[in-house]
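J.: Need the 3D shape of this:
(one chain, ligands or ions: 3)
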Amino acid sequence: MSDSRKRHEALLYHAKPKPGKIEVVPTKKYATQHDLALAYSPGVAEPCLEIAKDRENVYKYTSKGNLVAVITNGTAVLGLGDIGPEASKPVMEGKGLLFKIFADIDVFDIEVDATDVDKFVEIVKAIAPTFGGINLEDIKAPEAFEIERRLIEELNIPVMHDDQHGTAIISGAALKNAIEITEKDISKVKIVVNGAGAAAISCTRLYLKLGATLQNIVMCDSKGVIRKDRDNLTSQKAEFATDQDVHSLEDAMQNADVFIGLSTGNIVTPEMLLTMNNDPIVFAMANPTPEIDYDLAIKTRKDIIMATGRSDHPNQVNNVLGFPFIFRGALDVRATKINEEMKMAAVHALADLAKRSVPEKVNIVYDEVSLSFGREYIIPKPFDPRLIYEIPPAIAKAAMDSGVALEPITDWEKYREELMERSGSGSKEIRMIHNRAKSNLKRIVFAEADHLDVLKAAQRVHEERLGKVILLGRKELILELKEEIGFTADVPIFDPKTDEEEERRKRFGEAYWKNRQRKGRTLSEATKLMRERTYFGAMMVNENEADAFITGYSRPYPSVVKPILELIDKEKGVSKIAACNLMLTKQGPLFLADTTININPTAKDLINTTLMTSGLVKMFGMKPNVAMLSFSNFGSSNTETSKKIRESVAFMHKHYPNLVVDGELQADFALNAELLAKEFPFSKLNGKKVNVLIFPNLESANITYKLLKQVQGAESIGPMILGLSKAVHILQLGSSVDEMVNMAALACVDAQQREKNK
Ligand SMILES: NC(=O)C1=CN([C@@H]2O[C@H](COP(=O)(O)OP(=O)(O)OC[C@H]3O[C@@H](n4cnc5c(N)ncnc54)[C@H](OP(=O)(O)O)[C@@H]3O)[C@@H](O)[C@H]2O)C=CC1
Ligand SMILES: CC(=O)C(=O)O
Ligand SMILES: [Mg+2]
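T.: Numbering: from 1, shown residues only. Ligands and ions are numbered 1, 2, ... in the order given. Just a heads-up that it's a prediction; the model follows:
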């Protein structure tokens, strides 16, 4: 896109459909006169009086605890300089947007027309009662240091100048990882810092805490190198003044290992980069134009680790990765400050997160095949859904340990749940299954581990400790792919076709043959079949060499179901297996059956499917409320379909009176409690929230689950096979990584359950 088009697009984005990026949204009902009498006079007087009695109650009755002020005077707006309070407003609204979407924190952006330190401090202090925290932004040095120092001292809510400490935390984490990749020693690396303002000074102070050595640092400002022999240095600049024989940025760059740019755009040249040491680390963080263009830098030095503050290149080192999560953790324990311990905890939590395997969602958002720790991925991406539940707990814990938390967290698991809930990251049901899988690790076989996405899913299962992973497939290819995605853990790999597995093939073949010898299989045939991974993997579960098995990613469903049915016995009392999909819809979880096995089930099949699905629902910790669906309601039609459903409902009412099941019902009546109560008050489903839908045939079930997925974007877990005697599950052809991770977790929980029921 040309520069003028980009400019036009940015202006249009801010202007339309209504000017600006944020608005205020009420959180309470306001539809009736009664609601308004509560929201405003007279009802509002009650919380006012409670707060007047005890100021602490402000956290109970108002939004203070989750409200942050983003405050500026517009004197150092990005790298655009002193452009004034009005011109800074788009940036501050932008921060409001980011606080909200990444950490569910509400923001008032406040642009103050005051450059005088005393006046600015007075104004912020005067409005502080409104807020739970204060994010100072884009205030130039040296005033920024004094303003922040005084506000921290005089207020008892967290105050942080983000350009200083947010930037220091993020760039500190990135620097720590980049140095690790280059295998250098932080205490020995030569660092050039260009810029000596709010961001540069605080970043450099933090690098010293990470182990960098003052003698190895050269800092430059707009006038050149900050040398001891320069006059009129501010006290902050004087901290970093050098007596080395360097007099220009060019001099400083010679043999430097690290360049930190927090100054202004386009001031580093390719020639300067060429004089740097091997494996140079270049963080050109000026916004919006970096000190050197990303493409130019990587073209100039093949051995570079390059980062900018921008989102359109790899390695975005930008404080967006920090402030939402830092304030989240601080607000959640009512921290009175954001202290050094909390900042350091954030550095390490961020640096560590970059080393773990990346959720597939992140690859998709950034249009990447497989992000993994390395030169082009030294720090997590802002859209990483794990940030919200990994970083705030680290901050909160450090606040508690360092004695600045007024409301310590006692239940960390619950806190993590709340954080996930805030971000809408994954559903409760998925988290519940993941947590249960983690509680007792089961051995799970991935049949098609030589496929990239299957291997990525296995990596997640391993790293998130959802199960003990066993990989099946071509070993050489698996090893190659493992290396590519940074899956370094040593997990068992089996290649069923190789000589290495001859003994197992023989043993599995014999066991299989014993079962099938009267069904037309010879021993040699049976042994030969064990070269196939579906057979081999399923036999591992049969022979207790694994607890769970998932397969089917690369093959059509029916071609996988057939061998599975030959190999794995049905559960006692089950005549036919069935399949169920859990759909995570906006109205809550819905279990749909039978989505993939029985084309035209009989009344008996429907009863079996209903009973098996009800068992599954209980495994998810829920009570099943089952609607048997059709195109008619309670006898309004007399087709064969309606009749078979009525027959199965009658059977279940007689033999399973405690099961909440009814029908036949149309889908809208099943899912709309009011409609059902009005028309069919006699129904067993009255007053219940239906969470199981049993369909009259496979077509209707299968079409519905796929429609929900595509049209409503509902997440689906499944199809889960019901009625087998082992935890064996079949994936849909081409399942996504997330779907496979969820299925694997479910298969592990299924295996746990079977162990318990033994
Ligand atoms: N990626 C990120 O997350 C962040 C990036 N930044 C970027 O860092 C830059 C500075 O921000 P901030 O510290 O808040 O602002 P300040 O106004 O506090 O500091 C600006 C500094 O840049 C120096 N400078 C200006 N021009 C040059 C030059 N040609 N050569 C060397 N130094 C120069 C100034 O020198 P002097 O002291 O002589 O005036 C001053 O020290 C901005 O570009 C901003 O966008 C800031 C925060 C976060
Ligand atoms: C990112 C940021 O805060 C800045 O450039 O000022
Ligand atoms: Mg800023």
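
J.: show me the residues around the one residue in the chain that gets nearest to ligand 2 that make contact.
T.: Closest to ligand 2 within the chain is Asn287: 3.5 Å, counting by C-beta to the nearest ligand atom. (Each C-beta comes from the backbone N, C-alpha and C, glycine too.) By C-beta atoms under 8 Å, 6 or more residues apart in numbering, the contact list for Asn287 reads 78-79, 309-310, 318.

J.: do you know how far it is from Ala173?
T.: Counting by C-beta to C-beta, to the nearest Å, the gap between Asn287 and Ala173 amounts to 18 Å.

J.: got the contact list for the residue in the stretch 1-150 of the chain that ligand 1 sits nearest to?
T.: In the stretch 1-150 of the chain, the residue that lies nearest ligand 1 is Gly79 (2.5 Å; C-beta to the nearest ligand atom). Counting by C-beta under 8 Å, 6+ apart, Gly79 touches 263-265, 286-289.

J.: how many neighbours does the closest residue to Leu155 other than its chain neighbours have?
T.: With C-beta to C-beta, 6 or more residues apart in numbering as the criterion, Leu155 has its nearest non-adjacent residue at 5.3 Å, and that residue is Ala128. Ala128 has 19 neighbours, counted by other C-beta atoms under 10 Å.

J.: separation between Ala128 and ligand 3?
T.: 21 Å (C-beta to the ion, to the nearest Å).

J.: Now do stretch 265-277: distance from first to last residue.
T.: 23 Å (C-alpha to C-alpha, to the nearest Å).

J.: mind listing which of the contacts of Gly79 are in strands?
T.: In strands, defined here by DSSP state E, there are no members of the contacts of Gly79.

J.: Buried among those residues? Make that a PyMOL selection.
T.: In PyMOL, this line selects whichever of the contacts of Gly79 come out buried by 16 or more other C-beta atoms under 10 Å:
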select buried, resi 263+264+265+286+287+289
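
J.: tell me the two of the contacts of Gly79 that are most distant?
T.: Ser263 and Pro288 (13.4 Å; C-beta to C-beta).

J.: Run a quick check on Glu532 versus Phe508, I expect a contact.
T.: No - using C-beta atoms under 8 Å, Glu532 is not in contact with Phe508; the gap is 10.8 Å.

J.: Distance check, Lys176 against Ala351.
T.: Lys176 is 5 Å from Ala351, by C-beta to C-beta.

J.: Now do stretch 258-265: everything it contacts.
T.: So stretch 258-265 is contacted by 79, 167, 171, 175, 178-179, 189-195, 197, 199-200, 203-204, 207, 220-222, 253, 267-268, 276, 280-286, 288-292 (C-beta under 8 Å, 6+ apart).

J.: where along the stretch 1-150 of the chain do the helices fall?
T.: 3-15, 33-39, 45-53, 58-61, 85-103, 117-127, 143-154 (DSSP state H, counting those that start in this stretch).

J.: Put together JSON lines for the ones you listed, with mean pLDDT, distance to ligand 1 and mean neighbour count on each row.
T.: JSON lines is the format used below for the helices of the stretch 1-150 of the chain (pLDDT from 0 to 100; distance: least, C-beta to the nearest ligand atom, whole Å; neighbours: other C-beta atoms under 10 Å):
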{"stretch": "helix 3-15", "mean pLDDT": "90", "distance to ligand 1": "16", "mean neighbour count": "10"}
{"stretch": "helix 33-39", "mean pLDDT": "94", "distance to ligand 1": "39", "mean neighbour count": "12"}
{"stretch": "helix 45-53", "mean pLDDT": "98", "distance to ligand 1": "37", "mean neighbour count": "12"}
{"stretch": "helix 58-61", "mean pLDDT": "98", "distance to ligand 1": "31", "mean neighbour count": "15"}
{"stretch": "helix 85-103", "mean pLDDT": "96", "distance to ligand 1": "10", "mean neighbour count": "19"}
{"stretch": "helix 117-127", "mean pLDDT": "98", "distance to ligand 1": "14", "mean neighbour count": "16"}
{"stretch": "helix 143-154", "mean pLDDT": "98", "distance to ligand 1": "6", "mean neighbour count": "18"}
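
J.: Can you say which of those helices is nearest to Glu417?
T.: Of the helices of the stretch 1-150 of the chain, nearest to Glu417 by C-beta to C-beta is helix 85-103, at 15.6 Å.

J.: and the closest one, C-alpha only, in CSV?
T.: Extracted in CSV, the C-alpha atoms of helix 85-103 (Å, rounded to 0.1, in the frame of the first residue of the first chain):
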residue,chain,number,x,y,z
PRO,A,85,-2.5,17.9,24.5
GLU,A,86,-5.1,17.9,21.8
ALA,A,87,-2.8,16.3,19.2
SER,A,88,-1.9,13.6,21.7
LYS,A,89,-5.5,12.5,22.2
PRO,A,90,-5.6,9.8,19.4
VAL,A,91,-2.6,8.0,21.1
MET,A,92,-4.3,8.2,24.5
GLU,A,93,-7.6,6.9,23.2
GLY,A,94,-5.6,4.1,21.5
LYS,A,95,-4.1,3.2,24.9
GLY,A,96,-7.7,3.1,26.3
LEU,A,97,-8.7,0.7,23.5
LEU,A,98,-5.7,-1.5,24.2
PHE,A,99,-6.2,-1.5,28.0
LYS,A,100,-9.8,-2.6,27.4
ILE,A,101,-9.3,-5.3,24.7
PHE,A,102,-6.2,-6.9,26.3
ALA,A,103,-7.0,-6.6,30.0
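
J.: how does this protein divide into domains?
T.: Listed domain ranges for the chain are 3-103+121-157, 165-321, 323-425, 438-567, 578-723 (source: automatic domain parsing).

J.: Contacts (any at all) between ligand 3 and the second one?
T.: No - using C-beta under 5 Å from the ion, domain 165-321 never reaches ligand 3; the gap is at least 6.7 Å.

J.: is any part of that domain close to ligand 1?
T.: Yes - remark: domain 165-321 sits within contact range of ligand 1 at 167, 194-200, 220-223, 262-264, 267, 285-287, 309, 317-319, by C-beta under 6 Å from any ligand atom.

J.: how far does that domain stretch from start to finish?
T.: End to end - C-alpha to C-alpha - domain 165-321 spans 12 Å.

J.: what about it, distance to the chain center?
T.: 30 Å (C-alpha atoms, centre = their mean, to the nearest Å).

J.: Could you do the last one as well?
T.: Distance, stretch centre to chain centre, for domain 578-723: 32 Å (C-alpha atoms, centre = their mean).

J.: got it, and the third one?
T.: Centroid displacement of domain 323-425 relative to its chain, using C-alpha atoms, centre = their mean, is 10 Å.

J.: And the domains of the chain: which comes nearest Val737?
T.: Nearest to Val737, of those and by C-beta to C-beta, is domain 323-425 at 3.6 Å.

J.: next helix or strand past the helix or strand of the chain with the lowest mean pLDDT?
T.: When each helix and strand of the chain is scored by mean pLDDT, DSSP states H and E, helix 360-365 comes last, with a mean of 79. For helix 360-365, the succeeding helix or strand toward the C-terminus, using DSSP states H and E, is helix 387-401.

J.: counting contacts, what elements does that next one pack onto?
T.: helix 85-103, helix 323-332, helix 340-353, helix 412-423 (3 or more C-beta pairs under 8 Å, 6 or more residues apart in numbering; DSSP states H and E).

J.: In CSV, list the C-alpha atoms belonging to the third one.
T.: In this case it means helix 340-353. Once non-C-alpha atoms are left out, helix 340-353 reads as follows in CSV (Å, rounded to 0.1, in the frame of the first residue of the first chain):
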residue,chain,number,x,y,z
GLU,A,340,10.9,-2.8,41.2
GLU,A,341,10.0,-6.4,42.3
MET,A,342,6.8,-6.2,40.2
LYS,A,343,8.7,-4.9,37.2
MET,A,344,11.3,-7.6,37.4
ALA,A,345,8.6,-10.3,37.8
ALA,A,346,7.1,-8.9,34.5
VAL,A,347,10.4,-9.1,32.7
HIS,A,348,11.0,-12.7,33.6
ALA,A,349,7.4,-13.8,32.9
LEU,A,350,7.4,-12.2,29.5
ALA,A,351,10.9,-13.6,28.6
ASP,A,352,9.9,-17.1,29.7
LEU,A,353,6.6,-17.0,27.8
